[in-house]
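Student: build me a structure from this.
(chains A and B)
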Amino acid sequence: MEFDFNLVLEIAPKLAEGLNMTLQLSVLSILIGGVFGVALGMFRVADVIPALQVIAKGYVYFMRGTPLLVQIYIVFFLLPRVGVTLNPYWTGVVALSAHSAAYICEITRSAIGSIATGQVEAAVSIGMTRFQTLALVQLPQAAKRMVPPLTNELASSIKNTSLLSVIAVFELTKSGNSIIQRDFIFFEVLFVVALYYLIMVQIVTAIANFFEHKVFK
Amino acid sequence: MSDAVLQLSQTSKSYNGVTALHPTDLTVNSGDVIVLIGASGSGKSTLLRCANMLAIPDSGTVTLSGTVLDKDGARPRASRKMSAEISRQRTKMGMVFQTFNLFDHLSALENVAIAPQKVLKIDKKIALENARRILDSVGLSEHVNKRPSQMSGGQQQRVAIARALALEPVLMLFDEPTSALDPKLTQEVLKTIRDLTKKGMTMVLATHEMRFAEEVATQIVYMDQGAIVEQGTPAQIFKNPQKQATKEFISCIL
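Tutor: Got it, this is the predicted structure:
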């Protein structure tokens, strides 16, 4: 196996664009998926509107039980059918967000569920409504417990963006692949691609650690 | 009696077909200190939890200061209006739990101030001032900024008592408040409760601290297998119990 380190230095800046794309896609999908996921999680916990609970449960069931690749195809082919035409980038954001929302729903649900029932009873006994109990007692404590699993989710999301190459989103993997196909350089490209993913995941983990230990005490 | 602070009338509760509380009557008048004694599983907790609808009774009524509490308001899918009404009624009853159940993310001061501020909508500054005063009255003025995890069990329980007092309840419900504490911490919590009885606070207290029960109670209620077996003054129950079950229980503790 030949490995040319000079090539690596040459390729690295060429993949910066793909790196940027991957970062954008994963952060956007976690933000959008986060909003929907937390909402879904609260629907599942709050035993208030039965229909919403069933919808949330069914949604999570489907999203966790099917491969992301299949979900990407579904979004890619379904959206135009229902009259929504998006470019590959936004199609990817929709697919990844929808996927993350299901996992973040479960993260939210389990974090809220992990707050001792005694505290919930105490909140109820001092006259808090269900909403106040959720907003003032459960969520603030759940938020802290959600940081580690959310970090995992962001790290997963960064890696999952690579699947968007199948719908021609020029994220990191697709960008690397195009260099491979044009110049027949395999190992150096894959080395840079893998290194970039590693660095991104490492940075995310470091930020999460900071939040977990410094900001939340 | 219509001027009772709290009245349970044929109140019962079962869990998954197991009866925790048989239909029970209990009247609590202003200034009463009613102490519930009896073995674990005798229904003391269930009775207290039914009183403020943390456990929704299967049958019977709970009347607080002349108002019958609406059981349906305590159900998870109750309408907003009904559940708001039951929440309002609950603010009149302070509940203290065996395991303190403080809010872990808040300081002692915030634990005490949160209900007046968010539930009664009292101005934050005034709520905090009151909280400071109440914490001072339970001997915790030096610990106002500590989190529950930084306090001893006895301190946490006194914060929990202060939290309940902050709503100026007409009635306090204590569910074995010292059962999770060592003897020394038990004494400091009992002192706090004793101080409350001296101020004339109406309360229903479940406990295994018999000497304390005898000292503070106006009425002792002996419970066994989900029912009230015998009720009377401390002298009657401890010195001259009438029922066989009561005699046996009393003989165990003397």
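Student: give me the element the closest residue to A:K159 other than its chain neighbours is part of.
Tutor: Computed as CB to CB, 6 or more residues apart in numbering or on different chains, the closest residue to A:K159 that is not its neighbour in sequence is A:Y197, at 6.3 Å. (C-beta placed from N, C-alpha, C; glycine too.) Remark: A:Y197 resides in helix A:187-210, with elements defined by DSSP states H and E.
Student: now do the contacts for A:A155.
Tutor: A:201, A:204-205 (CB atoms under 8 Å, 6 or more residues apart in numbering or on different chains).
Student: export those to a markdown table and append columns for distance to chain B and pLDDT.
Tutor: Converted to a markdown table, these look like this (distance: CB to the nearest CB, whole Å; pLDDT from 0 to 100):
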| residue | distance to chain B | pLDDT |
| --- | --- | --- |
| A:V201 | 29 | 95 |
| A:V204 | 25 | 92 |
| A:T205 | 24 | 90 |
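Student: which of these ranks first by neighbour count?
Tutor: A:V204 (22 neighbours; other CB atoms under 10 Å in any protein chain shown).
Student: wouldn't that one be in contact with A:E153 here?
Tutor: No: the pair A:V204 / A:E153 is not scored as a contact, 10.0 Å apart, by CB atoms under 8 Å.
Student: quick one, helices of the stretch 101-250 of chain B?
Tutor: B:108-114, B:124-137, B:153-165, B:183-198, B:210-216, B:234, B:244-253 (DSSP state H, counting those that start in this stretch).
Student: if we can go back for a sec, off-centre distance for the helix holding A:Y197?
Tutor: 16 Å (CA atoms, centre = their mean, to the nearest Å).
Student: return the set of buried residues in that helix.
Tutor: For helix A:187-210, burial by neighbour count (16 or more other CB atoms under 10 Å in any protein chain shown) applies to A:188-189, A:191-193, A:196-197, A:200-201, A:204, A:208.
Student: for the residues you listed, which one is nearest chain B?
Tutor: A:A208 (19.1 Å; CB to the nearest CB).
Student: let me know the pLDDT of the closest one.
Tutor: For A:A208, the model assigns a pLDDT of 83.
Student: surely it and A:M146 touch.
Tutor: No: look at A:A208 against A:M146 with CB under 8 Å: they stay out of range, at 10.7 Å.
Student: who touches the closest residue to A:M200 other than its chain neighbours in this structure?
Tutor: For A:M200, ignoring the flanking residues on the chain, the nearest one in space by CB to CB, 6+ apart is A:I158 at 5.2 Å. Neighbouring residues of A:I158 by CB under 8 Å, 6+ apart: A:22-23, A:26, A:197, A:200-201, A:204.
Student: for B:R49, same thing?
Tutor: By CB under 8 Å, 6+ apart, the contact list for B:R49 reads B:55, B:175.
Student: so it is in which element?
Tutor: helix B:44-51.
Student: run a quick neighbour tally on B:K124.
Tutor: With other CB under 10 Å as criterion, B:K124 counts 11.
Student: repeat that for the one 4 residues further on.
Tutor: Other residues within reach of B:L128, judged by other CB under 10 Å, total 18.
Student: just give the nearest non-adjacent residue to it, would you?
Tutor: Nearest in space to B:L128, with sequence neighbours left out and distances taken as CB to CB, 6+ apart, is B:A113 at 5.0 Å.
Student: could the C-alpha coordinates of the helix holding A:Y197 be exported in CSV?
Tutor: The C-alpha trace of helix A:187-210 is given here as CSV (Å, rounded to 0.1, in the frame of the first residue of the first chain):
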residue,chain,number,x,y,z
PHE,A,187,-6.3,5.9,1.0
GLU,A,188,-5.2,9.5,1.3
VAL,A,189,-8.8,10.7,0.6
LEU,A,190,-10.4,8.2,3.0
PHE,A,191,-7.7,9.1,5.6
VAL,A,192,-8.7,12.8,5.4
VAL,A,193,-12.4,12.0,5.4
ALA,A,194,-12.1,9.8,8.4
LEU,A,195,-9.9,12.3,10.2
TYR,A,196,-12.4,15.1,9.7
TYR,A,197,-15.2,13.0,11.1
LEU,A,198,-13.1,12.1,14.1
ILE,A,199,-12.1,15.7,14.7
MET,A,200,-15.8,16.9,14.5
VAL,A,201,-17.0,14.2,16.9
GLN,A,202,-14.1,15.0,19.2
ILE,A,203,-15.0,18.7,19.3
VAL,A,204,-18.6,17.9,20.0
THR,A,205,-17.7,15.6,22.9
ALA,A,206,-15.4,18.2,24.4
ILE,A,207,-18.1,20.9,24.3
ALA,A,208,-20.6,18.5,25.9
ASN,A,209,-18.1,17.6,28.6
PHE,A,210,-17.6,21.3,29.3
